[in-house]
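[1] can you look at this prediction? I've put the sequence above it.
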Amino acid sequence: MTGQGSGTVIARRAFIVLAGACGAIALLVSCSGGNATPSATSTGATADVDWSSIDPVELTVSNPFAPGNVSSQLLRTWMDTATKATDGKVTFDYYESGALHGVPESLSALNSGLTDVTFIASSYFPDQLPVSNWWDQLIQGELQKLGYPGVTVAGSGQQLVQYESESAAAAEQAEAGFISFIPLTAGPNVLTCVEEFDSVEDLEGRTVRVSGALTQGEMESMGMSGTFMPTTDQYEGLQRGVLDCAVNAPTTIVSTSLLDVTPWVSFIKSAPTVASWAISTDTWDGLAPEIQEVLTEARYDAVTGYVQDSMDEFKDLAAAVEEAGGEIIDASEFNPTIDGWWADQPELASLAPSAVLDPEAEIDRARETMDAWWELTTGALGVESPDDVRESLGEGSAVVEDWGAWRDALADGLGEQ
């Protein structure tokens, strides 16, 4: 491992607390039927645990998203699996739709003990989490090259594995009081607009909602004016004419009814969003090792279902655009400009915060993990990413024939450094 500093990493198949994980960015939202089925059977080292001897635990979970979206479904699968696998010894006090706190308050909510698990977006905390923001930029920049559906299949798998290894963000996150427990990927991002467009020239001067600095750079390379706005506020901004367009993870668009006001859509080659469900380090350190193991193992079915649900939302989005009277616009007109912006960016190692002692080693390690997942995706899983995303949208999660192999690679830590 090339990580540095001290922190907390979730050991994959042991009751060990070691070091490190990383931050998150953006909001991942959408409706979902749910592909994952919770298992009531403990596996691995907990299969023979006498749960009657373990003290019960109730964890508070705060979810900023509405019921019925893919992130909410992931949490429910994870919680249900953990409760069943522990014979009811682990239960959850669960809050949805931001009832407990908003995303900007997630760090303080964890540190104060208001919640044990919540959604962390590192882009909301550039001063507190500079290393996590740098790490997110590394991941996003590499994944931007892959195209859809490869970015979803390979990106989502590598994301969790990346943060189970030590990383430069470990000490930072330990100091901030959390572990990035279930890191996620959604993307590529999608551009939607109120008015029709079919060229870069059409987009010049339009105001676009963005979720962070990278998306802002991509959009402004096409002459647009990027404005940060929370997901919950953008519908009204588009309706009132404050915004002309918006960039979101595809899973956000259907669930927030954005097609009602922005039916013109392009699956541009934008960097995906990365995000994380985080658990308080104090909470984690206070759990029995047997419970730590169950919570860790419960992630794999939940994340597999999340990725399938996300890809099915791409399929649903394509149909919804037509129903809204809009059109999915060929992105080939816009992608060269976005690729050019990325090519002009400074070497990432030169942008590393001082806390990253060996940025080149961090970058190499991350790329090796990504390469392993890309090889699985294009090799054993046979997934191709066409230049025109529209060619693969209709397949949804069926583009991967063997999700069991994908889940096994996740649980086995494919590419872990």
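    Yes, it's here. Just so we're clear, the structure is a prediction, and the values are computed from it rather than from any experiment.
[2] alpha carbons only for contacts and neighbour counts from here, please
    Noted.
[3] what comes up buried for the longest helix that the chain contains?
    Among the elements of the chain assigned as helix by DSSP state H, the one spanning the most residues is helix 289-323. By neighbour count on 16 or more other Cα atoms under 10 Å, the buried set for helix 289-323 is 289-318, 320-321.
[4] parallel or antiparallel, list what pairs with the next helix or strand after that helix.
    Counting by DSSP states H and E, the next helix or strand C-terminal to helix 289-323 is strand 327-328. Each strand that pairs with strand 327-328, with its direction, by DSSP bridges: strand 264-266 (parallel).
[5] next structured bit after the partner strand?
    Heading towards the C-terminus - elements assigned by DSSP H and E - strand 264-266 is followed by strand 273-280.
[6] quick one: that following strand to chain centroid distance?
    Its chain's average C-alpha position is 7 Å from that of strand 273-280, according to Cα atoms, centre = their mean, to the nearest Å.
[7] then that strand to PDB, C-alphas only?
    Presented in PDB, the C-alpha positions along strand 273-280 are these (Å, rounded to 0.1, in the frame of the first residue of the first chain):
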ATOM      1  CA  THR A 273     -20.200  12.200  -9.700                       C
ATOM      2  CA  VAL A 274     -18.700  10.300  -6.700                       C
ATOM      3  CA  ALA A 275     -20.300  10.100  -3.300                       C
ATOM      4  CA  SER A 276     -20.200   8.300  -0.100                       C
ATOM      5  CA  TRP A 277     -22.300   6.900   2.700                       C
ATOM      6  CA  ALA A 278     -20.100   7.600   5.800                       C
ATOM      7  CA  ILE A 279     -20.100   6.200   9.300                       C
ATOM      8  CA  SER A 280     -18.700   8.000  12.300                       C
END
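[8] helices or strands up against it?
    Contact analysis of strand 273-280 by 3 or more Cα pairs under 8 Å, 6 or more residues apart in numbering; DSSP states H and E lists helix 106-112, strand 117-120, helix 130-143, strand 178-186 as its packing neighbours.
[9] can the ones you listed go into TSV with extra columns for mean neighbour count?
    Formatted as TSV, those follow (neighbours: other Cα atoms under 10 Å):
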stretch	mean neighbour count
helix 106-112	19
strand 117-120	30
helix 130-143	22
strand 178-186	29
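[10] SS state for the residue lying closest to residue 98 once chain neighbours are set aside?
    In this structure, residue 98 finds its nearest non-sequential neighbour in residue 64, 3.8 Å apart by Cα to Cα, 6 or more residues apart in numbering. When states are read from DSSP: H, G, I helix; E, B strand; the rest coil, the local structure at residue 64 comes out as coil.
[11] surely residue 64 and residue 104 touch.
    No: the pair residue 64 and residue 104 fails to qualify as a contact (Cα atoms under 8 Å) at a distance of 10.4 Å.
[12] now the residue nearest to residue 98: how far from residue 96?
    According to Cα to Cα, to the nearest Å, residue 64 stands 6 Å off from residue 96.
[13] ok, the two, which is more surrounded?
    The neighbour count for residue 64 versus residue 96, taken as other Cα atoms under 10 Å, is higher for residue 64 (21 against 15).
[14] pLDDT score for that one?
    In the predicted model, residue 64 carries a pLDDT score of 92.
[15] helices or strands up against the worst-scoring helix or strand of the chain on mean pLDDT?
    When the helices and strands of the chain are scored by mean pLDDT, DSSP states H and E, helix 250-255 comes last with a mean of 81. Applying 3+ Cα pairs under 8 Å, 6+ apart, one finds that helix 250-255 makes contact with helix 289-323.
[16] quick one: mean pLDDT over the helix it packs on.
    Averaging pLDDT residue by residue across helix 289-323 gives 93.
[17] check the offset of it from the chain's centre.
    10 Å.
[18] and residue 354, how many residues sit next to it?
    A total of 10 residues lie near residue 354 under the criterion other Cα under 10 Å.
[19] ok, residue 242 next?
    With other Cα under 10 Å as criterion, residue 242 counts 14.
[20] OK, contacts around it?
    For residue 242, the residues meeting the contact criterion (Cα atoms under 8 Å, 6 or more residues apart in numbering) are residue 207.
[21] one more: residue 197?
    Applying Cα under 8 Å, 6+ apart to residue 197 gives the contacts 203, 264, 329.
[22] how about residue 51?
    Residues counted as contacts of residue 51 (Cα under 8 Å, 6+ apart) are 86, 87, 89.
[23] chain neighbours aside, what residue packs nearest to the second one?
    It refers to residue 87. Closest residue to residue 87 in three dimensions, ignoring its sequence neighbours and counting by Cα to Cα, 6+ apart: residue 51, at 6.7 Å.
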